[in-house]
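K.L.:
coords please:
(one chain, ligands or ions: 2)
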Amino acid sequence: MPTQIKDYRSPKVTVIGAGNVGGMLAQRIAKQNLADVVLCDVVQGKPQGIALDLAQAHTISNHDRQIIGTNDYNDTKDSDVIVITAGLPRKEGMSRNDLLKINASIIKEVVQKAIALSPNAILLIVTNPLDVMTYLAWQVSGLPPQRVIGMAGVLDAARFQTFIAMELGISTADIYTTVLGGHGDLMLPLPRLSTVNGVPITELLSEEAIARLVERTRNGGAEIVKLLQNGSAYFAPSAAAYVMVEAIISDRHRIYPAAAHLTGEYGLKDIFMGVPVQIGRQGVEKVIELKLTEDELAALHASAASIQKSIDLL
Ligand SMILES: NC(=O)C1=CN([C@@H]2O[C@H](COP(=O)(O)OP(=O)(O)OC[C@H]3O[C@@H](n4cnc5c(N)ncnc54)[C@H](O)[C@@H]3O)[C@@H](O)[C@H]2O)C=CC1
Ligand SMILES: O=C([O-])CC(=O)C(=O)O
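P.N.:
Ligands and ions are numbered 1, 2, ... in the order given. Predicted coordinates for the structure are as follows:
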């Protein structure tokens, strides 16, 4: 009997916004041989130049992925995942919310154009202010909420992990951290649910040290904005976006903190906010509801209220 060979096509990821985060994400996706990448940007020449540079780098890195740079949305047609990094980054002295109006108009435009050509895609939002932009992208796209996800929790958890590792002088590999809430000043690193090889950090570090690391995590983005003086972090953000894209493309059912649509979990409704979710080829497969103390839940609700305020402003 003749063997039937299935017509496999390479997965296709579109990254809209060929800036620092977008360019670095495209590089990670291609280098890991995960998918073909289309980099799309409003600036003429920028995505083409970056794509050409990346293609030449990857001749050396030895992979088979195609990288296209374009200003034409037709090239993004039938993408499996669309990552939105288009928008302004903040500068020193600004809060992420200061980007609300300008980035909202960019999100509206790019999401409409991209989803019209890839109606089956999973949408991963990176643009700030993250939770509000994810909500807006969901509304504009008309997609089921499970197919719209915001990236921030993986980054915030990694920052908490890094600071704990620095404090204890150990490898980050042995540390697991939980960070919930919005990607802003009221994000909620949870020491009680953050562990070193299963031991809560509350048993390993003083209250003073934990409070200091929690505060540094909350200000993790601003600390880098201040140091860079022109733009915000992009190595860790692109690494965080990469693992989420990989969980979707490879259908890994990974559990990551991400901005997801809540329908009563944690007592919250009709909002996108950072919670642990299971991620696979269909997007958010499950929202995981952790048992929180009264104080933790109150802090989570305060974070949600601040996101809601910005949604109302829009
Ligand atoms: N969610 C998170 O944890 C993080 C979010 N961010 C956010 O990601 C966004 C991008 O950051 P960077 O890459 O550092 O900024 P960047 O300035 O390097 O890149 C942004 C890109 O978006 C493009 N762009 C602007 N308007 C566009 C439009 N209408 N259509 C297509 N492309 C457009 C620009 O031309 C530029 O190439 C910012 O809003 C930043 O705050 C950054 C790091 C972490
Ligand atoms: O701080 C910023 O504006 C960029 C960002 O969201 C982060 O690095 O956490």
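
K.L.:
flag every buried residue along stretch 177-190.
P.N.:
177-184, 186-190 (16 or more other Cβ atoms under 10 Å). Backbone N, C-alpha and C define where each C-beta goes, glycine included.

K.L.:
out of those residues, which are inside strands?
P.N.:
Judged by DSSP state E, those include 179-180, 188-189 as members of strands.

K.L.:
what about the residue nearest to Ser171 when sequence neighbours are not counted, which SS state?
P.N.:
In this structure, Ser171 finds its nearest non-sequential neighbour in Ala165, 6.5 Å apart by Cβ to Cβ, 6 or more residues apart in numbering. Assigned with DSSP: H, G, I helix; E, B strand; the rest coil, Ala165 falls in the helix class.

K.L.:
who touches Ala165 in this structure?
P.N.:
171-172, 175 (Cβ atoms under 8 Å, 6 or more residues apart in numbering).

K.L.:
check it and give its pLDDT.
P.N.:
On the pLDDT scale, Ala165 is placed at 98.

K.L.:
please report how far it lies from Arg212.
P.N.:
Separation of Ala165 from Arg212 (Cβ to Cβ, to the nearest Å) stands at 14 Å.

K.L.:
so how far is Leu297 from the residue nearest to Ser171?
P.N.:
For Ala165, the distance to Leu297 - Cβ to Cβ - is 28 Å.

K.L.:
residues in the stretch 151-300 of the chain within reach of ligand 1, list them.
P.N.:
With Cβ under 6 Å from any ligand atom as the criterion, the stretch 151-300 of the chain comes near ligand 1 at residues 151-152, 155, 183, 231-234, 237.

K.L.:
and ligand 2, which of those reach it?
P.N.:
155, 183, 232-233, 237.

K.L.:
among the ones in strands among the buried residues of stretch 177-190, which one sits closest to Ala247?
P.N.:
Val179 (17.5 Å; Cβ to Cβ).

K.L.:
hmm, Gln161 and that closest one touching each other?
P.N.:
No - between Val179 and Gln161 there is no contact under Cβ atoms under 8 Å: 9.4 Å.

K.L.:
so Glu223 touches Thr217, yeah?
P.N.:
No - using Cβ under 8 Å, Glu223 is not in contact with Thr217; the gap is 9.7 Å.

K.L.:
who's more crowded, these two?
P.N.:
Thr217 (24 against 14; other Cβ atoms under 10 Å).

K.L.:
what pLDDT does that one get?
P.N.:
At Thr217, pLDDT is 98.

K.L.:
show me the contacts for it.
P.N.:
Taking Cβ under 8 Å, 6+ apart as the test, what Thr217 contacts is 156, 159-160, 163, 179, 187, 189.

K.L.:
of all the ones in strands among the buried residues of stretch 177-190, which two lie farthest apart?
P.N.:
Leu180 and Pro189 (8.3 Å).
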